[in-house]
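Undergrad: I'd like to go over a predicted model; first the sequence, then the structure.
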Amino acid sequence: MQCPLPLADYPRVTLAHGGGGRLGRRLVSELFAPAFGNALIDSRHDGAVLDALAAPLAFTTDGHVVRPLFFPGGDIGKLAVLGTVNDLAMCGARPRHLSLSFVIEEGLAMETLWRIACSIGVAARENDLRIAAGDTKVVEQGRGDGLYIGTAGIGEVMAAATIGPRAVQAGDAILVSGDLGRHGIAVLTRREGFALDVEVDSDCAPLWGPVAALLEAGIEVHCLRDLTRGGLAAALVEIAEDGGVELEIDETAIPVSPPVRAACEVLGLDPLLVANEGRFVAFVPRHDAARACAVLRAHPLAAGATVVGQVSARAPRGRAWLRGLFGQARALAMPSGEQLPRIC
Amino acid sequence: MKFVDEFRDPALAQRLAESISASVTRPWRLMEICGGQTHALLRHGLDRLLPAGIELLHGPGCPVCVTPAEVLDQAFAIALTPGTVLCTFGDMLRVPGNGQLDLFAIRARGADVRPVYSPLDAVALARALPDRQVVFLAVGFETTAPATALAVREAREAGLANFSLLVAHVRVPPAIDALLSAPDNRVQGFLAAGHVCSVMGWREYEDLAARHRVPIVVTGFEPLDLLDGIRRCVAQLEAGAATVENQYARAVTRDGNAAAQALLAEVFEVVDCPWRGLGVIAGGGLGLRAAWRDFDAASRYAAAVAPAATAADEPCRSGEVLRGVLKPPQCAAFGTRCTPEHPLGPTMVSGEGACAAYFRYRSPVDHADAMPAAAR
């Protein structure tokens, strides 16, 4: 689909597009509205009025910054929608409503904004998500990275019991929904000036489907966490600390694809710390572990699900342990700041 | 993964560990020179597979750690000069200079600081930004120095007047010599850094082994390499031998990489050089030859850069860690006042530093309360 805005007039976003005047209005009616299509709740008002939902609500907010804006397997628009979907899914909630706030850097190509808006529309429709509200601001050139997207999302909680770190119990099995590290490596190796040729696509994917499958199968899900920034290690350390439990995972059981592993070896990165955008960790009772694994594997977005560890019955001190290749255990630590490629 | 999994075989590792145990009749203290080796040892817990009498001391082979604070201060001043882009390897960005500042903080003050993966990327940047001065902060051992030489040669061939180098390259053999000559030396045998030797070969080490009567085993970085290197070093110690031995035969020859050495010789000359934590080491560094001095950032930015001040007292004991006389957890600041988020000194900066390795793979709770047997 071609960008419907008259590009000859405005091939790039100008400060006036965020000025609250005629141009901003045209941006909404001629670019965002057609791109979002029937996912957009058609309310030209200061806010959207939503029907009350029957179930308890889950509510989340997220800011999305990514460089480059387009990467193998996705773009910032898809990432923004799915990131919000996934945060809601981790609460056991079916995603329902989304709001979007665009901070655009002056000079962004209108065609780029159109492609990203279309990607948002597709992701929203595919995930049965209504776009209820939006906002656009334009900042001067040099004061943004092209585009930032802030989102908020509302979901309908479908899980019978509370899902979260405090619900984790000794003896629970720990599952991951697939191989790790794809998003972080796909994005890092596509940055300008980064001459490492790795055939890896981002794992960017909506996680409500696999979570819904677990809930529908009657699996008693204790905790879920999507493995975004900080990767599996950060998620496990957080859950161990917040839940006051002792976690043990087995390094040899952790799935990492050969190209991601190779890239991590070359760059000196630890796949456990690398970001994902379509993977989660699930805590389920031990007796449900095999069934949970089978249910996840039957879903196309969690076909690589596997058990990687368990919650220890030892005196809990809020730590996550990794048993390595040579049988030696070490405590997992949160990553400190940005992951940086090593010197040699 | 090919060429990796073969060198991480748990059954073979167990056999090597048993063979080391069987050969040991008394305690020995070995030093692995390279920070990459330190990280591999701790990450995989290989030190715990060794018999109690074998103590591993962690050497100064971490370029991030030994780059003098004064050079970092110079880099900060250069980066803050308008019109400049400062490039360096990613793990230099968190290293503190003489004060609390690091390159991340300098970047937050508005400087254009960019991590690059190769010095050639910095040359490409200079080509792409003709109106800016691009300075590469060149750190690293003989492993990385040839790439810097290649970069500056490429810059000259391309006639790039806006590219320069702040050189802080260092050489391993003089550091080994200094460690062994120190009155508090505890090292009885060395694992030399395989990657450095893949460039330089091991001729330079033969004199060291003979003069100080220590075995030196050129060793790789994979778990089986490290265990095999330790096994060979222990066997020499037990036999009273002191020769250079090559464990890393798949990458290293006695003469090394002649092309890389020629490149080094063309661009650099051996200079006396301060190592952070260790002081000035005779012949311990590389400086630009006279013919290449027009690419020297320190003179190009002489107005901005204060003359190399004498090093301030370090707020941390990383010098002792780098010499192998202090283990990171023995430092009172380790894991409390000093963490990777707030490093007091360079050895805590993530990358190759021994303190960072202990913090990452042996958290403080780990020391206070080792993991119970049930979970091993």
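TA: All right, it came through fine.
Undergrad: show the pLDDT at B:Tyr361.
TA: We have a pLDDT of 84 for B:Tyr361.
Undergrad: which element is the residue in the stretch 151-300 of chain B that chain A sits nearest to on?
TA: Taking Cβ to the nearest Cβ, chain A has its nearest neighbour within the stretch 151-300 of chain B at B:His195, 6.3 Å off. Every C-beta, even on glycine, is put in place using the N, C-alpha and C of the backbone. Using DSSP states H and E, B:His195 sits within helix B:194-200.
Undergrad: need the contact list for the residue of the stretch 151-300 of chain B closest to chain A.
TA: Counting by Cβ atoms under 8 Å, 6 or more residues apart in numbering or on different chains, B:His195 makes contact with A:Cys344, B:Cys34, B:Gly36, B:Thr143, B:Phe221, B:Ala251.
Undergrad: which of these ranks first by neighbour count?
TA: The residue in the contacts of B:His195 with the most neighbours, by other Cβ atoms under 10 Å in any protein chain shown, is B:Cys34 (27 neighbours).
Undergrad: re earlier: the contacts of B:His195 in strands, which ones?
TA: B:Cys34 (DSSP state E).
Undergrad: I'd like the contacts of B:His195 as TSV, with distance to B:Thr84 appended.
TA: Shown next, in TSV, are the contacts of B:His195 (distance: Cβ to Cβ, whole Å):
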residue	distance to B:Thr84
A:Cys344	25
B:Cys34	32
B:Gly36	31
B:Thr143	27
B:Phe221	35
B:Ala251	37
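Undergrad: nearest to B:Leu180 among the contacts of B:His195?
TA: B:Cys34 (16.7 Å; Cβ to Cβ).
Undergrad: per-residue confidence for the closest one?
TA: 93.
Undergrad: next: A:Glu338.
TA: 61.
Undergrad: go on, the one 5 residues further on?
TA: As predicted, A:Ile343 sits at a pLDDT of 54.
Undergrad: do A:Leu269 as well
TA: With respect to pLDDT, A:Leu269 scores 86.
Undergrad: equivalent analysis for the one 4 residues further on, please.
TA: On the pLDDT scale, A:Leu273 is placed at 93.
Undergrad: also the one 3 residues further on?
TA: Reading off the confidence values, A:Asn276 has pLDDT 96.
Undergrad: what do you get for the one 3 residues further on?
TA: For A:Arg279, the model assigns a pLDDT of 98.
Undergrad: where along the stretch 101-250 of chain B do the strands fall?
TA: Using DSSP state E, counting those that start in this stretch, the strands of the stretch 101-250 of chain B run over B:112-116, B:133-140, B:163-169, B:189-193, B:216-219, B:244-246.
Undergrad: closest one to B:Arg48 among those?
TA: Closest of those to B:Arg48 is strand B:189-193, at 17.2 Å (criterion: Cβ to Cβ).
Undergrad: tabulate the strands of the stretch 101-250 of chain B in a markdown table, adding columns for distance to A:Leu79.
TA: Formatted as a markdown table, the strands of the stretch 101-250 of chain B follow (distance: least, Cβ to Cβ, whole Å):
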| stretch | distance to A:Leu79 |
| --- | --- |
| strand B:112-116 | 23 |
| strand B:133-140 | 32 |
| strand B:163-169 | 36 |
| strand B:189-193 | 41 |
| strand B:216-219 | 43 |
| strand B:244-246 | 49 |
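Undergrad: turn the ones you listed into TSV, including mean neighbour count and distance to B:Ile230.
TA: Output for those, formatted as TSV (neighbours: other Cβ atoms under 10 Å in any protein chain shown; distance: least, Cβ to Cβ, whole Å):
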stretch	mean neighbour count	distance to B:Ile230
strand B:112-116	20	34
strand B:133-140	26	25
strand B:163-169	25	29
strand B:189-193	28	7
strand B:216-219	28	8
strand B:244-246	21	12
